[in-house]
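Novice: how would this look folded up:
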Amino acid sequence: LDTRRLEDGPHALSVTATDAAGNARAVRRTIRVDNHAPRPVRGVRVLGPAGVRSHNSFDLRWKPPPRQAAPIVRARYRLCRASGSGRCVEGTRPGGTTGIDDLSVPDRGEWRFKTWLEDAAGNSRRSYASEPVTLRFDDRQPVRLSAAIETADGTTAPRATIGFGKRPTVRGSLSAAGRGLPGAPLAVLSRTRGSDRTKRVDTLRTDASGRFRYRTERGPSRTVFFEYGGDDRRRPAGDSVGLAVRAKSSLSVSRRRVENGGRVRFEGRVLGRPVPREGKLLQLEAHYRGSWRTFAVLRSNRRGRWHYGYRFEATTGRVTYPFRVRIPRERSYPYAVGRSRVVKVVVRGG
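Specialist: From the prediction side, this is the model:
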């Protein structure tokens with residue numbers, strides 16, 4: 001009897017035997033058919049606290065698939081490193097209808113776990129594997145690395161806004177079980193705001209008490225990372241600080257004194273690099289009637305240079321006008337809002 005064409009579930013089977021004399025006897029039985037692998041489980045989760053486990057033991061739970069004809073007899077699973085390196089490991093656990101207990105990963109690190117089920121009819125399909133969940137195991141001693149930027153008032157902060165060309169100092173510490181780790185190597189990395197690339201820029205070591213100080217280089221707005229690679233006894237650790245660097249432009253004016261109706265030329269150069277290919281957006285501002293007001297919007301060229309001509313037409317008496325350039329923030333320019341120095345023009349009207 002080929003049951004592959006039957007629908008999943010119970011079926012009534014009747015068999016009749018007849019001998020040569022014409023005597024017949026019928027036997028009726030109920031058979032259960034299941035031709036399909038169990039559907040994917042849902043809601044896979046790890047019981048217990050999140051984060052890295054120091055003991056290599058994980059309990060997992062999930063919701064079983066509905067309308068299963070044959071009972072579930074085992075859970076199959078696959079463990080792969082989150083990095084994608086190395087070979088994956090597969091295994092089975094009896095039962096597994098709603099989860100498995102005391103699962104171990106092959107080694108330290110971060111692993112992705114997927115599971116699919118097998119029923120009593122032997123149906124199982126790897127393509128029905130669950131969505132992955134992450135398992136993290138590391139039995140080495142936890143390490144704490146902290147870093148912060150020194151501010152002008154002597155305190156520290158994880159993020160700071162600084163002037164163009166400044167080199168703030170970062171100070172921090174590396175410790176395990178409350179004790180500083182002396183002479184530990186630290187890597188210093190940097191990622192410019194708006195970039196996906198992180199590059200190594202320096203290395204340093206902690207002092208005898210596990211502390212360190214690092215003077216940053218001049219540059220654009222960026223995140224600076226400090227990383228400890230760990231060893232056979234201690235886990236890796238890291239921390240980062242954020243630097244927002246104010247943009248800056250030079251500013252000069254062709255004439256400091258002019259009659260009403262006269263014309264001046266403002267010019268300058270955006271100092272921060274790299275300048276966007278389309279040039280940097282700038283706002284020329286003048287201070288009058290008690291506040292700074294934008295009177296011109298322009299863009300520099302690719303080299304950051306810019307100029308703008310302006311004619312005074314409505315001044316009466318003798319008036320001193322302060323001028324400056326505001327450099328607004330743009331996604332393509334890795335600097336915070338900045339301003340130039342102030343220049344003054346004395347205008348004499350009628």
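
Novice: Which helix or strand contains Glu278?
Specialist: Assigned by DSSP states H and E, Glu278 belongs to no helix or strand.

Novice: Now do the same for the nearest residue to it once chain neighbours are set aside: its pLDDT.
Specialist: Once flanking residues are discounted, Glu278 sits nearest to Arg299: 6.9 Å by C-beta to C-beta, 6 or more residues apart in numbering. Every C-beta, even on glycine, is put in place using the N, C-alpha and C of the backbone. As predicted, Arg299 sits at a pLDDT of 97.

Novice: Likewise for Ser175?
Specialist: 97.

Novice: Wait, a helix at it?
Specialist: No - Ser175: not assigned to a helix; according to DSSP: H, G, I helix; E, B strand; the rest coil it is strand.

Novice: For Leu145, see how far away it is.
Specialist: As judged by C-beta to C-beta, to the nearest Å, Ser175 and Leu145 stand 8 Å apart.

Novice: Tell me which of these two has more neighbours.
Specialist: Leu145 (22 against 19; other C-beta atoms under 10 Å).

Novice: contacting residues for that one?
Specialist: 172-174, 186, 226-228, 237-239 (C-beta atoms under 8 Å, 6 or more residues apart in numbering).

Novice: and what of Pro334?
Specialist: Contacts of Pro334 by C-beta under 8 Å, 6+ apart are 192-195, 220-222, 245, 272, 274.

Novice: Setting aside sequence neighbours, what's the nearest residue to it?
Specialist: Pro220 (3.9 Å).

Novice: and what of Arg61?
Specialist: Gly99 is the one closest to Arg61 (C-beta to C-beta, 6+ apart), at 3.8 Å.

Novice: got it, and Thr316?
Specialist: Per C-beta to C-beta, 6+ apart, closest to Thr316 is Gly349, 4.1 Å.

Novice: So what touches stretch 39-56?
Specialist: With C-beta under 8 Å, 6+ apart as the criterion, stretch 39-56 contacts 58-66, 68, 104-105, 113, 115-117, 128-131, 133, 135-139, 142, 235.

Novice: actually stretch 171-181, sorry about that
Specialist: 141-148, 150, 156, 184, 186, 206, 209-214, 226, 228, 234, 237, 239.

Novice: Got a PyMOL select line for the buried ones in those?
Specialist: A single PyMOL command selects the buried members of those (16 or more other C-beta atoms under 10 Å):
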select buried, resi 143+144+145+147+148+150+156+184+186+206+210+211+212+214+226+228+234+237+239
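
Novice: Among the contacts of stretch 171-181, which are located in strands?
Specialist: 144-148, 150, 156, 186, 211-214, 226, 228, 237, 239 (DSSP state E).

Novice: Ser249: which of these is nearest?
Specialist: Closest approach between the ones in strands among the contacts of stretch 171-181 and Ser249, by C-beta to C-beta: Glu150, at 27.4 Å.

Novice: Surely the closest one and Lys166 touch.
Specialist: No - Glu150 lies out of contact with Lys166 (C-beta atoms under 8 Å); the separation is 11.6 Å.

Novice: which residues do these two both contact?
Specialist: With C-beta under 8 Å, 6+ apart, Glu150 and Lys166 have no common neighbours.

Novice: circling back to that earlier point, of the contacts of Pro334, which belong to strands?
Specialist: 192, 222, 245.

Novice: Show me where the chain dips below the pLDDT cut-off.
Specialist: 1-9, 11, 31-35 (pLDDT under 70).

Novice: And it, split by domain according to the record?
Specialist: Domain segmentation of the chain under automatic domain parsing yields 3-33, 42-137, 144-245, 252-348.

Novice: what about the second one, start to end distance?
Specialist: Taking C-alpha to C-alpha, to the nearest Å, the first and last residues of domain 42-137 lie 24 Å apart.
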